[in-house]
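Enquirer: Okay, sequence plus prediction incoming.
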Amino acid sequence: MKADGIGARVTRKEDHRFLTGNGQYTDDIILPRQTYAAFVRSPHAHATINGINSAAAAAMPGVVAIFTGKDIEESKIGGLPCGWGITSKDGTPAIEPAHPILCIGKARYVGDHVAVVIAETAEQARAAADVMDVDYGILPAVVSTGTAAASKTAVHDQAPNNVCYTWGHGDEAGVKAAFEKAHHISTLDLINQRLAPNAMEPRAANAVYDRSSESYTLYVANQNPHVERLLMCAFVLGIPEHKMRVVAPDVGGGFGSKIFVYAEETVLVWASKRVNRPIKWTADRTEAFLSDAHGRDHVTKAQLAMDKDGKFLGFRVDTTAAMGAYLSTFSTAVPTILYGTLLAGQYTTPSIYVEVTAVFTNTAPVDAYRGAGRPEATYVVERMVEVAARDMKLDPAEIRRRNFIRTFPYATPVGLTYDVGDYDATLDSAIKMADVAGFAARRAASEARGMKRGLGYSSYIEACGLAPSNVAGALGARAGLFESGEVRVHPTGKVEVFTGSHSHGQGHETTFAQVVADKLGIPIEDVSISHGDTGKVLFGMGTYGSRSLAVGGSAIVKAVDKVIAKGKKIAAHLLEASDTDIEFVNGEFIVKGTDKKVPFASVSLTAYVPHNYPLDKLEPGLNENAFYDPTNFTYPAGTHICEVEVDPQTGKVEICAFTAVDDFGNIINPMIVEGQVHGGVAQGLGQALLEDCIYDPESGQLLTASYMDYAMPRADDFPNFKVGNNVTACTHNPLGVKGCGEAGAIGSPPAFINAVTDAIGVKHIDMPATPERVWRAMQSAAHA
Amino acid sequence: MSVNITMKVNGKSVTAAVEASTTLVEFIREHLRLTGTHVGCNTSQCGACTVHVNGRAVKSCNMLVAQAQGADVMTIEGLAAANGDMHPMQAAFKEHHGLQCGFCTPGMVMSACELKGKVTNPSDQEIRACLDGNICRCTGYQNIVTSVKAGLAAMS
Amino acid sequence: MNAFELHQPKDLASAATLAGGGGDLRFLAGGQSILASMKLGLASPDAMIDLSLIPDMKAITVAGGVVKIGAMAKHADVAANADVKKAIPALADLAGGIGDRQVRNMGTIGGSLANSDPAACYPAAALGLGAMIHTNKRNIAADSFFLGLYETALDAGEIITAVSFPVPEKAAYVKFKNSASRFALVGVFVSKGAQGVRVAVTGAASCAFRATALETALANSWTAAACNAVKMSADNLNGDLHASAEYRAHLIPVIAGRAAAAAK
């Protein structure tokens, strides 16, 4: 193995700047003649806007401009688009209400954007926003996901029962037949609670219009600058794409929340031409809680039919999923395409049917959050399997083994074809690593101390590396899902790589450089990775769905292959051999079977100083780009095992041990992969143990709008996690990789809840397993 | 009301007249343009704004610059050697992958450095307890704990 | 944060004079609560009086069976003070568990007591040890100091200068944390000493209070079991997002029992 190549634990190239305070995040940028924006946000969950009097605010010191929904209406620009069309089971399209960038006539959630105030300083903008006089007519609010469809109030007139769509997927009749012949049917009702993403860098944007070039530049904390540009230009503002540059510089975490096109940055771009000055906005943490797209928020009923041996026969899932007040960019796809298609899990269940009712509520929009649909699916499947095991009096590992898929490729009844996997191997490995054999003794020791101990499994699968564009298109996607890569070889053999993937913590500058250095046989120091700027990068679909390496990395490999292919032609000329006789080994072009060779840097120099060069057949230069569109999703899978101890007097749960054995296919940088697993597991356990985004059910006020009330996981909430790997290489991408960013958040919540319910002897407890909730569950069990 | 501020920041004397309501982090980021110190919550919970004032780790979003009058302030920019060589704690974070997106990192590193001399041979769980004032959303904290342990060992 | 006048007096008398000046005045001790409230618009004083430059407000002394802590002593300094650790380890432990490490480097005991946050730790120690709160005007017994939500017996402009804690035979503080804010969801301070058995509870009601039923139980039998046998009423306890009043009522004897078992 090359010391800095594929498979090596290379420390990160990006770290020096982050560790020395030299990172450049959006809020760090101050442009000449900078102004600052503050948004006037609705204090009500649902209200008519009867009038806005800006006079007092306009007279405040430093105020440059004020815009309201009326200005937006008059300028006839579009609303924020939804990027995925879903069709209801009756054939009708999902209802897609207009999503104006400043409220027109009505505000639909607490934090909805009513107006923007632009001033010389951020303080002045905020002070003026505070005195804006808005006449609201308060309306009843639709808040609870489970009852939204029965509400007498409509969030949008065109959806009188608040239903956006009712999507059905799978074989309903087949499931019904399976239930009729079942030996036993296990049932489970659960809530997958709403979460706030909480990237540590709050969203921020800085927009500027340049009159001389008649073009815009937007700096924005975003995961996919080209998608941001495409959607904002084509669907909202009608700006030609070549007249807008979007730069996502260093971005302090995303977790999905920075995929989407938001009102704030769109308003800034629109207003920047009007005020003819740069405008900057940085969310404060409470604004982030109010206006970042939230995650999850499902209410689900599940039923699993089994034969007498615990073989799964049929699985039915009915879910109500909150969309919030408007459809965020990929909101519609999350509880459908990214959820329903995952309900086979790792199992051979022959018939599956899922029905999803998406509802509008007077809450912040809900969209993709680390895992996006797949944690929700895994939670349903892996909790259901646990309940089934207990109903059938089977060991939870055993019931999983009885149902594992073992032949590949495997076409599930919910539309996916798994290419490869070895679920027994990951389960066995996790059992060993977690010392399940010693659990009984540990449980006895806990009991001797008056504590309750439990152990829980989760054998998850996810569909990552989003995905073939044509398949996504057939499923309703309004965007492609390929990635681009460009490899620019400089005359001296130094290499600059441009990728459409965006790094906001994932370490692409290192992982991608390892791949390129390995393939080209050059030191990693000779490779730099550029991303996050539409002015530099060809095109990009960005980073989400654990797709960067599987899709973005594959595009880079394709471009590298083109570089090598051209290099061979140049080398053949230099070495006076035939193209087909040249091989590229460890950074040298060699005439097969001879000692005639020329190093990479000589070939690149020749390409740019083409004195001795086949100019009649070959263009000079050594710069190649490639687009890669996958032929399938990738299917990372694994088994997570959680061990907890519950204090029966207080209900407090302590995570004693957590083991994750994952199959991510081939691994480029084990250090980075482990870090991704740690972070994902912490986020999943954060959901399971601590986090809950709570709206007042009547008023629709967000009750958890700061870190005083929203429980963020801290270091002392966790033990060290044990992380292991079992590799089956992906069969359809050049690196054999699957993706690792979301697995931790997908696998861990059910493992945790399975452990807690095992410890306290109850069928189910909803997340988060707060002390009071656990204590109450134990009280109820004791009195049952 | 304007107040006159004199202090040392990363060893250099700084004098300025600022509004009394200016917080230390506003002064560092906006007046001094040292943007390595970050604001993650501005309400004293996340710790991304942690700097040292007279050697003690504090949340610079939660104190007035006037409270640091005459003080010796150190930010993340002051930690590495003049030639760019990283401080042992910074080096440990790199070596053990104690950071991902980098946003909480300056505060985390400044907080960790203050532990020198306050804890000896800390266990992982003790280090976790000592990080009670810093939130990280990326790493799951595990590699931060490893980094802090190694960094403290290298500092002693 | 709105603009304000900042005064930085160099002695107590000047601070008192400034405090008599009228208007919406607030003292600035460590600032760990007030500045956050000001940023959220919950407080908007016209003027602030920074007490940090006044000498002799930070001293920590142990003498004659009394631990005396200057009002401007920081939590971290109390937690690390060898004399306090020896005399009343429970007090040092409590100080070392307030907020987080950075907050403990700024927050002060005077600020904490004057603020009377319903979930703060120091009020439990003051009540649980029967402390005397010294001000620039008088001495106020802890028992008559905490009046309600953010409400104390301090007059407008009155400045806490120090707090005296009698050294008990044994004491302990156990905090059951709110997992979001890390304040006390329920915190209980127990002590046995010259003032008898004292049990003070924080986090559970509008301000810290003494739980007399638990005091009686522990006076009869200093055991966790004695505490667990006490049934607390949920009436007048806080019920919020983080815990119902009923759960808090359940927790108080449990946490008191743990404190009793840990007391030294």
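Expert: Perfect, thanks for sending it.
Enquirer: which parts of the stretch 651-784 of chain A sit against chain C?
Expert: Residues of the stretch 651-784 of chain A lying close to chain C by Cβ under 8 Å from any Cβ of the partner chain are A:652, A:690, A:694, A:703-704, A:707-712, A:714, A:717, A:770-772, A:775-776. Any C-beta I mention is one placed from the backbone N, CA and C, and that applies to glycine too.
Enquirer: same deal with chain B?
Expert: B:1, B:3, B:19-21, B:23, B:42-45, B:47, B:50, B:56-59, B:62-64, B:66-67, B:69, B:111, B:114, B:130, B:132-134.
Enquirer: before we move on, the earlier item: what subset of the residues of the stretch 651-784 of chain A next to chain C is buried?
Expert: Among these, those classed as buried by 16 or more other Cβ atoms under 10 Å in any protein chain shown are A:652, A:690, A:704, A:707-712, A:714, A:717, A:770-772, A:775-776.
Enquirer: Keep only those of the residues of the stretch 651-784 of chain A next to chain C that are also close to chain B.
Expert: Intersecting those with the surroundings of chain B, defined as Cβ under 8 Å from any Cβ, gives A:707-708, A:712, A:714.
Enquirer: Turn those residues into a markdown table, columns for distance to A:Gln24, pLDDT and secondary structure.
Expert: Putting those into a markdown table (distance: Cβ to Cβ, whole Å; pLDDT from 0 to 100; DSSP: H, G, I helix; E, B strand; the rest coil) gives the following:
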| residue | distance to A:Gln24 | pLDDT | secondary structure |
| --- | --- | --- | --- |
| A:Tyr707 | 26 | 96 | coil |
| A:Met708 | 31 | 95 | coil |
| A:Met712 | 25 | 98 | coil |
| A:Arg714 | 28 | 98 | coil |
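Enquirer: among those, which two are most distant?
Expert: When Cβ to Cβ is used, the two most widely separated members of those are A:Met708 and A:Arg714, lying 13.7 Å apart.
Enquirer: Can you list the buried residues in stretch B:70-83?
Expert: Buried residues in stretch B:70-83 (16+ other Cβ under 10 Å): B:71, B:73-80.
Enquirer: Give me the subset of those residues that lies in strands.
Expert: B:73-74 (DSSP state E).
Enquirer: out of the buried residues of stretch B:70-83, which touch chain A?
Expert: Counting by Cβ under 8 Å from any Cβ, the subset of these that neighbours chain A consists of B:75-77, B:79-80.
Enquirer: Let me have the residues you listed in CSV, extended by pLDDT.
Expert: Listed next are these as CSV, based on pLDDT from 0 to 100:
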residue, pLDDT
B:Thr75, 98
B:Ile76, 98
B:Glu77, 98
B:Leu79, 97
B:Ala80, 95
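Enquirer: before we move on, what SS does C:Lys86 have?
Expert: Applying DSSP: H, G, I helix; E, B strand; the rest coil to C:Lys86 yields a three-state assignment of helix.
Enquirer: Just checking the helix or strand harbouring C:Leu35 against chain B, any contact.
Expert: Taking DSSP states H and E as the criterion, the element that holds C:Leu35 is helix C:34-39. Yes. Helix C:34-39 comes into contact with chain B when judged by Cβ under 8 Å from any Cβ, the residues involved being C:35-36, C:38-39.
Enquirer: tell me the mean pLDDT over that helix?
Expert: Helix C:34-39 carries an average pLDDT of 93.
Enquirer: hmm, back to that, can you add distance to A:Thr580 and give the ones next to chain B among the residues of the stretch 651-784 of chain A next to chain C back as JSON lines?
Expert: Written out in JSON lines, the entries for these read as follows (distance: Cβ to Cβ, whole Å):
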{"residue": "A:Tyr707", "distance to A:Thr580": "63"}
{"residue": "A:Met708", "distance to A:Thr580": "69"}
{"residue": "A:Met712", "distance to A:Thr580": "59"}
{"residue": "A:Arg714", "distance to A:Thr580": "60"}
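Enquirer: I figured C:Leu149 hits C:Asn238, correct?
Expert: No. C:Leu149 is not in contact with C:Asn238 according to Cβ atoms under 8 Å; the separation is 9.7 Å.
Enquirer: and the residue of chain B nearest chain C?
Expert: Nearest to chain C in chain B, going by Cβ to the nearest Cβ, is B:Gly133, at a distance of 3.2 Å.
Enquirer: OK, contacts around the residue nearest to that residue when sequence neighbours are not counted?
Expert: Counting by Cβ to Cβ, 6 or more residues apart in numbering or on different chains, C:Asp100 is the residue found nearest to B:Gly133 once chain neighbours are left out, at 3.2 Å. When contacts are counted by Cβ atoms under 8 Å, 6 or more residues apart in numbering or on different chains, C:Asp100 is found next to B:47, B:132-134, C:182.
Enquirer: Can you flag which of those residues belong to helices?
Expert: In helices, judged by DSSP state H, none of the contacts of C:Asp100 are found.
Enquirer: Of those, just say which sits nearest to chain A.
Expert: Checking these against chain A by Cβ to the nearest Cβ gives B:Asp132 as the nearest, at 6.2 Å.
Enquirer: separation between that closest one and A:Val527?
Expert: Distance of B:Asp132 to A:Val527, computed by Cβ to Cβ, to the nearest Å: 40 Å.
Enquirer: Neighbour count for these two, which is higher?
Expert: Set B:Asp132 next to A:Val527 and count neighbours by other Cβ atoms under 10 Å in any protein chain shown: A:Val527 wins out with 25 against 21.
Enquirer: how close does that one sit to B:Gln90?
Expert: 23 Å.
Enquirer: How about A:Pro197?
Expert: For A:Pro197, the distance to B:Gln90 (Cβ to Cβ) stands at 28 Å.
Enquirer: and the two? which has more neighbours close in?
Expert: For the pair A:Pro197 and B:Gln90, the greater number of neighbours falls to B:Gln90 (28 against 24), based on other Cβ under 10 Å.
Enquirer: Surely that one forms part of a helix?
Expert: Yes. In this structure, B:Gln90 lies within a helix as judged by three-state DSSP.
Enquirer: residues touching it, list them.
Expert: In this structure, B:Gln90 makes contact with A:19-20, B:79-80, B:109, B:151, judged by Cβ under 8 Å, 6+ apart.
Enquirer: Roughly how far does it sit from B:Val58?
Expert: Distance of B:Gln90 to B:Val58, given as Cβ to Cβ: 20 Å.
Enquirer: quick one, strands of chain B?
Expert: Under the criterion DSSP E, chain B contains strands at B:2-9, B:12-19, B:50-53, B:56-59, B:72-74.
Enquirer: Sounds good, over and out.
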